[in-house]
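Engineer: 3D, please:
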Amino acid sequence: MLYVFPMDDAGQPPRFAPTREDIEKLALTALSRLPDPFRSHLSNVVLFVEEFADPAILKEMEIDDPFGLTGLYSGRPVGEAAQTGDLPPTVHLYRRPLLDEWVETGVPLDMLISHVVVHEIGHHFGLSDLDMHVLEDMVTL
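Structural biologist: Modelled structure (predicted):
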């Protein structure tokens, strides 16, 4: 599905960048396209769309540029035993870095969001990079 921005009355695209809500809708669409065996393990995964990663996260990951991180998975992968005090698994999408990458690469926004979402969800399942690419192909076809 190509993400198309509605035109205004003069036939011009909007002058504002996609909102957090727009990004969330695209992410939820990507998640809805995952095969059933994967979707059934996502009920407790929380999705956040934020402007940028927290500076402490960037420092921990040794990323100097806040535009250098588009998404992050936090939590225990499926199959690992939960520990007392565990927070629910989360996927964070970072709006401004995503929009920067979208503009710089020309990749359609829905495809970029799908790529990042599948990659982060792949961590939830402990998938290899190759497995993530196969899953991404299933989501974007």
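
Engineer: switch to C-alpha atoms for all contacts and neighbour counts from now on
Structural biologist: Will do.

Engineer: for the protein, which segments count as strands?
Structural biologist: For the chain, strands defined by DSSP state E occupy the ranges 46-50, 71-74, 90-94.

Engineer: so which other helices or strands are in contact with the shortest one?
Structural biologist: Counting contacts by 3 or more Cα pairs under 8 Å, 6 or more residues apart in numbering; DSSP states H and E, strand 71-74 is packed against strand 90-94, helix 109-124.

Engineer: how distant is the shortest one from the center of its chain?
Structural biologist: Computed by Cα atoms, centre = their mean, to the nearest Å, the chain-centroid distance of strand 90-94 equals 6 Å.

Engineer: check the last one too.
Structural biologist: Relative to the chain's own centre, helix 109-124 is displaced by 5 Å; criterion: Cα atoms, centre = their mean.

Engineer: what residues are up against the spatially most central residue of the chain?
Structural biologist: Centroid-nearest residue in the chain, with Cα atoms, centre = their mean: V117, separated by 3.2 Å. Applying Cα atoms under 8 Å, 6 or more residues apart in numbering, we find V117 in contact with 27, 30-31, 71, 91, 93.
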